[in-house]
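Colleague: predicted coordinates and the sequence they were generated for:
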Amino acid sequence: MIMQTVLVVDDEFGIGEVLEAILTDDGYRVVTAINGNHALERLAGNRVDLILSDLMMPVMDGAALFAALQADKRYQRIPFVLMCSLPEPNIQNRIKGYTAFLHKPFKVDDVLDIVRKVLGPPPG
Amino acid sequence: MSQSKADGTPLLSRMPTGIAGLDVILNGGFLRGGIYIIQGPPGAGKTILGNQVCYDHVAAGGRALYVTLLAENHDRMLMHMGEMQFFHREEITRSLEYISAFRILEEEGLKGLLTLIRREIQGRKISVLVLDGLVAAEHSAPSELEFKKFIHGLQTQAVVTDCTMFLLTSAGEAAISPEHTMVDGLIELSDEQYGWRSVRDLHVRKFRGSAYLRGRHAFRITQNGIEVFPRTESLLSEPSRDPGGQTRQITTGSASLDKMAGGGLTAGSTTLVVGPTGSGKTALGLQFLSAASEAEPGLHFGFFESNARVLTKSDSLGLGLRKLVKDGHVELMWQPPTEDLIDALSETLLDTVRRRKVKRVVIDGLSAFQRLTTSQDRIAPFFTALVNELRGMGVTTFATLEVPDLIGPISRAPVSELSTITENLILLRYVELHSRLFRLISVLKMRDNEFDPMLREFLLGKNGLDVGDSFNNVEALLSGFGRGVDAPAAGDDGVLTDTSR
């Protein structure tokens, strides 16, 4: 059975690690990146089923990453979950069209609910 | 469902500790999903606090995990905790687990310890975690950065699992340690020596995301576990109720003293009665309480005389306090000033006033607070806060204060500033005249009333106290030794006259 892959994009130390642990325990394969540019590099070498991305990051933020993905036919169908510590109405003037929103700080169940909802339960 | 502000920002939810005083200091408890360091020297009470928080949490329906590193052996810890009221053996393995992670730390380092904690929290749905012996984790860290990364990892884990974490450590007593900057709160426990006496205190050094009562607060460890007493002047820096502007006059319990005071005492005021031992301070307080009733319940909060002695004294003065006590209109509380904490005393006093809706309070022996405090600087702000709170509750207070000199001039009040805190000030003295000691009463201050400023004889008898005549043709009474002045002797006009010459 092929494992589904989640790309986690976050610049903050610890967030990528904890998301990787949560999702790996739940049966997903996880790839991490620390900003939008880094995420695009990761996408080039991996088949990704879902992206969990922070909004505020250095080099290339989540909004710019989402715009870059939408402009690229290879990636525009990948579900994109935006993570931010601001309430969702506060960021909707910067970014629209993402698949789901995950408010930070999030709980384990919040993460798993969203990922399972988008990808379906992990195989096995 | 979590609540949120108008802009959608979620409100921080609390995890009460079950230790009432600590929850007051923390403005409702720790923040759920926060990470806190509890620090203090060996014997300060860290392990008891950690356990007590766990047991209270599981009693409220949560699940707790107590992880030890190089700390007390579990068997011995449970044996010691078994003495505590909060201990419930049936919770162990059901909703509270004790595990040792020291071997994992030794074999797999901080990364292994973090993975273990993460898996235990998620697997067991743990909502409170205590890590006892953080110093062992710190010593095993290859670098300061690695240790900070470990703390950061715990912090992230706490947030995503909504698990509140307590890290117990005896390290870093003086210096600021790197981990202090990373956690959400830091609480120091200490056990200080004051002469032969030891007093424990708790100090919240840091508490992110919430107001809290700053400074040191006393606590004690009994079979009930840890009991924390917020510093009275910090807790009641503002009275919980506005005292308002009372004008109603109430009786002192003595018609002649009411007359001297200009009609009685303003309801909600505080009267300080100063005098040497045996001068009648307690009697004056009992007279005040003799006017208590169902509508105006009274409380005698005394330090130096037992309840039995207070009642005997009341009987000898014909004050009828025994019946008032029997009828439930007056409560006597004796607090021997031995090892108590002044904030515990003020809490007991105020709780009783609230519970019984007391309107007349006698605090008999303010010097007990002075004797029990570990810092004399506290007395004035402490008493200010206490008096303001009593005023706010509409309580009229009589407080007595002993001066050391039996006879002779009073150079200053034994507790400075007290006379400025109270509205009314009454002085009781002995005065020698014609080779005989008289009791003397004088009103030095009555903030709202036109009072009688004369120095008068103060009589105690089978019908209670009575304010007698003033002393005529006598001067220097306040020196304690009256002497006659050249003036014609007065007739039978209700005035004590010097007729010695």
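Modeller: That came through fine.
Colleague: can you name the residue of chain A nearest chain B?
Modeller: Proximity of chain A to chain B (CB to the nearest CB) peaks at A:P87, 3.1 Å away. For glycine as for every other residue, the C-beta is placed from the backbone atoms N, C-alpha and C.
Colleague: can you count the residues close to that residue?
Modeller: 16 (other CB atoms under 10 Å in any protein chain shown).
Colleague: and it, how close does it get to B:K445?
Modeller: Distance from A:P87 to B:K445, counting by CB to CB, to the nearest Å: 58 Å.
Colleague: for B:E179, same thing?
Modeller: Distance, B:E179 to B:K445, using CB to CB: 55 Å.
Colleague: for B:I151, same thing?
Modeller: Taking CB to CB, one finds B:I151 at 58 Å from B:K445.
Colleague: so these two - more neighbours on which side?
Modeller: Legend: neighbour count by other CB under 10 Å for B:I151 and B:K445, higher for B:I151 (27 against 16).
Colleague: near chain B, which residues of chain A?
Modeller: Taking CB under 8 Å from any CB of the partner chain as the contact definition, chain A meets chain B at A:13-15, A:17-18, A:21-22, A:25, A:87-90, A:103, A:105-108, A:111.
Colleague: now with 7 Å?
Modeller: A:13-15, A:17-18, A:21-22, A:87, A:89, A:105-108 (CB under 7 Å from any CB of the partner chain).
Colleague: filter those residues down to just the ones in helices.
Modeller: The members of those that map onto helices under DSSP state H are A:I15, A:E17, A:V18, A:A21, A:I22, A:V108.
Colleague: doesn't B:Q155 make contact with the first one?
Modeller: No - the pair A:I15 and B:Q155 does not pass the contact test of CB atoms under 7 Å, sitting 10.9 Å apart.
Colleague: between those two, which one's more packed in?
Modeller: Counting neighbours by other CB under 10 Å for A:I15 and for B:Q155 shows that A:I15 has the greater number, 22 against 19.
Colleague: next up, the contacts around that one.
Modeller: Applying CB atoms under 7 Å, 6 or more residues apart in numbering or on different chains to A:I15 gives the contacts B:T156.
Colleague: ok, now B:E450?
Modeller: Shown in contact with B:E450 (CB under 7 Å, 6+ apart): B:G262.
Colleague: how far away is the residue nearest the centre of chain B from B:G392?
Modeller: In chain B, the residue lying closest to the centroid (CA atoms, centre = their mean) is B:D343, at 1.4 Å. Distance, B:D343 to B:G392, by CB to CB: 18 Å.
Colleague: what about dumping the CA coordinates of the helix or strand bottoming out on mean pLDDT in chain A to PDB?
Modeller: Ranked by mean pLDDT, DSSP states H and E, the helix or strand of chain A with the weakest confidence is helix A:15-25, at a mean of 91. C-alpha atoms of helix A:15-25 as PDB (Å, rounded to 0.1, in the frame of the first residue of the first chain):
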ATOM      1  CA  ILE A  15       6.200  22.900  14.600                       C
ATOM      2  CA  GLY A  16       7.600  20.800  11.700                       C
ATOM      3  CA  GLU A  17       8.900  18.300  14.200                       C
ATOM      4  CA  VAL A  18       5.700  17.900  16.100                       C
ATOM      5  CA  LEU A  19       3.500  17.700  12.900                       C
ATOM      6  CA  GLU A  20       5.900  15.200  11.500                       C
ATOM      7  CA  ALA A  21       5.500  13.100  14.600                       C
ATOM      8  CA  ILE A  22       1.700  13.300  14.800                       C
ATOM      9  CA  LEU A  23       1.200  12.500  11.100                       C
ATOM     10  CA  THR A  24       3.800   9.800  11.000                       C
ATOM     11  CA  ASP A  25       2.200   8.100  14.000                       C
END
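Colleague: gap between it and the chain center?
Modeller: Remark: helix A:15-25 is offset 12 Å from the chain centroid, using CA atoms, centre = their mean, to the nearest Å.
Colleague: repeat that for stretch B:37-55.
Modeller: The answer for stretch B:37-55 is 22 Å, by CA atoms, centre = their mean.
Colleague: contact partners of it?
Modeller: Stretch B:37-55 is contacted from outside by B:17-19, B:64, B:66, B:72, B:77, B:81, B:86-88, B:91, B:96, B:128, B:130, B:132, B:166-170, B:172-173, B:179-180, B:183, B:186-191, B:200, B:221, B:225-226, using CB under 7 Å, 6+ apart.
Colleague: report the buried members of those residues.
Modeller: With neighbours counted by 16 or more other CB atoms under 10 Å in any protein chain shown, the contacts of stretch B:37-55 contain buried members at B:17-19, B:64, B:66, B:77, B:81, B:86-87, B:91, B:96, B:128, B:130, B:132, B:166-170, B:172, B:179-180, B:183, B:186-191, B:200, B:221, B:225-226.
Colleague: inside helices: which ones of these?
Modeller: Checked against DSSP H, the buried ones among the contacts of stretch B:37-55 include these in helices: B:M77, B:M81, B:E179, B:H180.
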